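K.L.:
Build me a model:
(chains A and B)
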Amino acid sequence: MLKHRLLTPRPPILLGFGGLLAFLHYNDERRAVKIGKDSYTGSDTAVAPIIGGPFTLVNSENQIVNEQDFLGNWVLLYFGYTSSPDIGPDQVRIMAKVIDTLEAKKNLKVLPVFVTIDPQRDTPAQLRAYLKEFDPRIVGLGGPVSAVRQMAQEYRVYFKKVEEEGDDYLVESSHSMYLIDPKMKVVRCFGVEYNAEQLSKEILKELKKHQVNA
Amino acid sequence: MSLEAYASAKRDEIHTDVLLQARQACYKARDAFYSCLEKHSDKKPTEIGSVGLLYPTECKPSREDYVKNCRVSWVKHFDRQYCKTKRTQRLLDDKETRRGV
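P.N.:
Sure thing, here's the model as predicted:
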């Protein structure tokens, strides 16, 4: 007798289940985008988080510099450090080559900027000595740790000390370069997979696109 | 520390061991050491380098030269990279003999 009563689903349970199904169906219909209705803007107009922002740092000539000083120029920005064993020098060399190519072949001036993510060891004097071996045009920026950290946060740059043995350490980071337009807006981000030729081509593309829109 | 204080403080010491000449000397010593490893890859590695890299006694002089010319963190970085490439190479080469393992 008991078993029989438990097996038959009671009317309230059935009604509740039916109601749940009806609600789910209604919710699905409400959320669905009918075919042909909303226009889907393709992936090339993806909305990315706005990165960048104001910063105040010290350059390799011990002068205080802020983002206003760069307005009106296209900027190729790299966050690196002078004690990088291999990737750092390679990236700076690529940056120098790209600046050269764009100026010599296309007469386009892009300002290369190197911001150190190792401000404790990379003093203005250190930056000057390091960067002049690559290209005298590269602007080196550093400063107190708090100022650098603030800029890195605005540009969403990850950096962390690793292999620390007292004063000797490496800094892990993404090693990417940022292309910034004359209004100090970040237009593109390039990773280490770009060589000098590809980078020049891509930057040229962005510059041309900007001229069309201007 | 305020920016003005930072800018005006005189800090003229430069770490020359990361500048171009020092870097090139380091790369040269590093390449010499690794080619020594390749040459003597059939010998039993008895010496311990850093981060688990082992090398035979034949390469001891080139190892000392390498360590002298490069920073400790750089030595560790390159050694780790070398071990990683060796391991991937081994995985790729042994594809035929270690099926199913």
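K.L.:
Flag the shaky bits of the chain, pLDDT-wise.
P.N.:
Going with chain A. Counting by pLDDT under 70, chain A shows low-confidence ranges at A:1-9, A:34-49, A:212-214.
K.L.:
Let me rephrase: I mean chain B.
P.N.:
For chain B (pLDDT under 70), the answer is B:1, B:7-11, B:95-101.
K.L.:
got the residues of it near chain A?
P.N.:
Neighbours of chain A within chain B, by Cβ under 8 Å from any Cβ of the partner chain: B:1-4, B:6-8, B:11-16, B:18-20, B:23, B:26, B:70-74, B:76-78. (Each C-beta comes from the backbone N, C-alpha and C, glycine too.)
K.L.:
Next step: those restricted to helices.
P.N.:
B:3-4, B:6-8, B:20, B:23, B:26, B:72-74, B:76-78 (DSSP state H).
K.L.:
and the residues you listed, which two are the farthest apart?
P.N.:
The span of those, defined through Cβ to Cβ, is set by B:E4 and B:F78 at 40.2 Å.
K.L.:
Among those two, which residue is more densely surrounded?
P.N.:
B:F78 (23 against 10; other Cβ atoms under 10 Å in any protein chain shown).
K.L.:
how near is the nearest residue to that one once chain neighbours are set aside to B:K68?
P.N.:
Using Cβ to Cβ, 6 or more residues apart in numbering or on different chains and skipping residues adjacent in sequence, the residue nearest B:F78 is B:R30, 5.5 Å away. Distance of B:R30 to B:K68, computed by Cβ to Cβ, to the nearest Å: 11 Å.
K.L.:
Need the phi and psi values for A:E163.
P.N.:
phi 50, psi 40 (degrees, to the nearest 10).
K.L.:
Contacts only, for it.
P.N.:
Neighbouring residues of A:E163 by Cβ atoms under 8 Å, 6 or more residues apart in numbering or on different chains: A:169-170, B:73, B:76-77.
K.L.:
Neighbour count and distance to A:N59 added to those, as TSV?
P.N.:
Shown next, in TSV, are those (neighbours: other Cβ atoms under 10 Å in any protein chain shown; distance: Cβ to Cβ, whole Å):
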residue	neighbour count	distance to A:N59
A:Y169	20	24
A:L170	21	24
B:S73	20	27
B:K76	21	32
B:H77	21	29
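K.L.:
hey, where'd the helices end up in chain A?
P.N.:
Under DSSP H, chain A gives helices at A:2-7, A:11-31, A:87-106, A:124-132, A:145-154, A:196-213.
K.L.:
for those helices, which one ends up most surrounded?
P.N.:
Comparing these by mean neighbour count (mean count of other Cβ atoms under 10 Å in any protein chain shown), helix A:124-132 ranks first with a mean of 21.
K.L.:
List the contacts of it.
P.N.:
A:58-62, A:82, A:92, A:114, A:116, A:122, A:138, A:140-142, B:7, B:11-16, B:18-19.
K.L.:
what's the angle between that helix and helix A:87-106?
P.N.:
Relative orientation of helix A:124-132 and helix A:87-106, computed by axes from the mean of the first three to the mean of the last three Cα atoms, to 10 degrees: 60 degrees.
K.L.:
how close does the closest residue to A:H210 other than its chain neighbours sit to A:R188?
P.N.:
Of all residues not flanking A:H210 in the chain, A:D181 sits nearest, at 6.1 Å (Cβ to Cβ, 6+ apart). As judged by Cβ to Cβ, A:D181 and A:R188 stand 10 Å apart.
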